[in-house]
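# Sharing a model prediction with you, sequence too.
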Amino acid sequence: MLWRAPDSWSKYTPVLPEAQAENLETLVGTTIEKYELETLLGRGGMGWVFLARHLKLNRACALKILSPALVAQDPEYLDRFCTEGQAAASLVHPNIVTVHAIGQANDKNFLEMEFVPGRSLQNVLREGPLTPLRATALAHGIATGLAAAHRVGIIHRDLKPDNILLTHNGIPKIADFGLAKRIRGKTIRERAGTLAGTPHFMAPELFNGIEASPASDVYALGVCLYFMLTGQLPFTKQNMGELIEAVTHDRPPSIRKVRHDVPLELTECVLLLLDKNPDNRPENGIEAAQLLKAVLGQTRDLESLMHEALDHDRSVSWCREGDKYRALVALPDGRRQTVFIETSNHEFHDRLLQIYSLCCPAQEHFHAEALRLNATISHGAIALRHVNGEEYFVTLAAYPRGTVDGEEIRRSVLEMAMHADAVEAFLTDCDQH
């Protein structure tokens, strides 16, 4: 199936008896205005989606037709349908399904949408969880799409894997802004006491009567990311009352108990997106995208970066030692120098990759010369560092963990080794480190 209408809406959106009995599949092979309907792709709580061909432009498109039974029974469905078209048509972004037109013909109300030749994220997840890197990359793309909507005052309010389509190249596109609402300006009326959205993906504050916000979209993104990593929803109660209780009060089950290969930085990010308090989450898709970009850089594990940086340099051999790496650099004059590569202990979005090499113990009579030599180093600096309970002079360079690449690591390993060796030779005339 190439393009799927969300198949879980029917569980949570009131579908009237007339709509349940309705069958628009007979429209396949017919023409509505300038669209020839070729096949049925799926149906959701608001309408039916067909693969169609725009006869004048000779292009494939997805045509969403609003259920006539719902319009007849409740005119507000037409208002909501039009709101979907207006909201989505204002959003042109690589991570959002484009709406090309909204119209009416033969008593049928329709949206013409971009045809996305791929699968929904929900279909992909039926095959199992994704790798941490893939899940983070998809979440970043989704957040980028949300950011575009939030910038113009639109919130989605029903973000979930069914509403995320993946192209053949794996690019996520947010679909179905049928519950979208403008933060400013006119909004569609809601019945008192009703909830809009899919309960498993709804933020805790929504169950307390607080209006949807960009932060509630961020929460839904967190549920999607949790699902991508574990293949499970964070809260799976079958009874609505129990589900609401869990969403509003319980801590999400630990991701690392299910997936030991998920980096700590990523699990911390998911918990931040799923925070019960909207004030503690990223405020909107913009902040969520920035956060996920930083985590994405860290999700690419350090070992793969070490291979990229040093495997092709014959002067360097390296190994892992616990949470850090040790590289032994052979220098041109026959001397050798050890360089350490490790991640700092800051909050994950502020973490640094530190690359340092020992010069010599930080004896007091070396301090003046060390300060003078520090001014001559073009890359990095001479610093003091406690190693195994003793204070050393080290040459040190640091990079943001989320953006460092293999070439920066390679260059710094070589330069820290040369600088440290030169300092050691000058101060001690030895070659111990």
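Received it, and whenever you're ready, just let me know what you need.

# which residue sits closest to Thr98, ignoring its sequence neighbours?
Distances taken as C-beta to C-beta, 6 or more residues apart in numbering place Glu114 nearest to Thr98, at 4.1 Å, with adjacent residues excluded. Quick note: C-beta positions are derived from backbone N, CA and C, even for glycine.

# The one you found: neighbouring residues, count only.
Glu114 has 18 neighbours, counted by other C-beta atoms under 10 Å.

# Same question for the one 10 residues further on.
The criterion is other C-beta under 10 Å. On that basis, Val124 has 18 neighbouring residues.

# Roughly how far does it sit from Leu273?
According to C-beta to C-beta, to the nearest Å, Val124 stands 20 Å off from Leu273.

# Gly42 is in contact with Ala62, isn't it?
No. Taking contacts as C-beta atoms under 8 Å, Gly42 lies outside contact range of Ala62: 9.8 Å.

# Pick out whichever of these two has more residues nearby.
Set Gly42 next to Ala62 and count neighbours by other C-beta under 10 Å: Ala62 wins out with 25 against 17.

# So that one is in contact with Pro117, correct?
No. Ala62 is not in contact with Pro117 according to C-beta under 8 Å; the separation is 10.3 Å.

# what about the residue lying closest to Leu146 once chain neighbours are set aside, distance to Ser67?
Of all residues not flanking Leu146 in the chain, Gly285 sits nearest, at 3.0 Å (C-beta to C-beta, 6+ apart). Applying C-beta to C-beta, the value for Gly285 to Ser67 is 30 Å.

# where do the helices sit along the stretch 151-300 of the chain?
With DSSP state H, counting those that start in this stretch, the ranges of helices along the stretch 151-300 of the chain come out as 214-230, 240-249, 255-258, 264-273, 285-299.

# and of those, who's closest to Thr144?
Nearest of those to Thr144, taken as C-beta to C-beta: helix 285-299 at 4.8 Å.

# to the chain's geometric centre, what's the distance from that closest one?
Chain-centre distance of helix 285-299: 7 Å, with C-alpha atoms, centre = their mean, to the nearest Å.

# what's the angle between that helix and helix 264-273?
With axes from the mean of the first three to the mean of the last three C-alpha atoms, to 10 degrees applied, the angle from helix 285-299 to helix 264-273 works out at 160 degrees.

# After helix 285-299, heading C-terminal, what element do we hit next?
Next helix or strand after helix 285-299 toward the C-terminus (DSSP states H and E): helix 302-310.

# For that next one, buried residues please.
Neighbour counts over helix 302-310 (16 or more other C-beta atoms under 10 Å) mark Leu302, Leu305, Met306, Ala309, Leu310 as buried.

# Point out the other helices and strands that that helix packs with.
strand 316-321, strand 324-330, strand 336-343, helix 406-428 (3 or more C-beta pairs under 8 Å, 6 or more residues apart in numbering; DSSP states H and E).

# which residues touch it?
316, 318, 320, 325, 327, 341, 343, 353, 404-407, 409-410, 413 (C-beta atoms under 8 Å, 6 or more residues apart in numbering).

# what angle sits between it and helix 285-299?
In terms of direction (the same axes, to 10 degrees), helix 302-310 departs from helix 285-299 by 70 degrees.

# Helix 302-310 vs strand 324-330, what angle?
Angle, helix 302-310 to strand 324-330, by the same axes, to 10 degrees: 10 degrees.

# So what's the gap between helix 302-310 and the chain middle?
For helix 302-310, the distance to the chain centre is 23 Å (C-alpha atoms, centre = their mean).

# Let's test this: mean pLDDT of that helix, rounded?
On average, the pLDDT along helix 302-310 is 86.

# Kindly export it (C-alpha atoms) in CSV.
In CSV, the C-alpha atoms belonging to helix 302-310 read as follows (Å, rounded to 0.1, in the frame of the first residue of the first chain):
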residue,chain,number,x,y,z
LEU,A,302,31.8,7.3,19.2
GLU,A,303,33.3,4.0,18.1
SER,A,304,32.1,4.5,14.5
LEU,A,305,33.6,8.0,14.5
MET,A,306,36.9,6.6,15.8
HIS,A,307,37.0,4.0,13.0
GLU,A,308,36.3,6.8,10.5
ALA,A,309,39.0,9.0,12.0
LEU,A,310,41.9,6.7,12.6
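
# The helices of the stretch 151-300 of the chain into JSON lines, with extra columns for mean pLDDT and distance to Ile171?
Listed next are these as JSON lines, based on pLDDT from 0 to 100; distance: least, C-beta to C-beta, whole Å:
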{"stretch": "helix 214-230", "mean pLDDT": "97", "distance to Ile171": "15"}
{"stretch": "helix 240-249", "mean pLDDT": "92", "distance to Ile171": "30"}
{"stretch": "helix 255-258", "mean pLDDT": "90", "distance to Ile171": "25"}
{"stretch": "helix 264-273", "mean pLDDT": "92", "distance to Ile171": "21"}
{"stretch": "helix 285-299", "mean pLDDT": "86", "distance to Ile171": "15"}
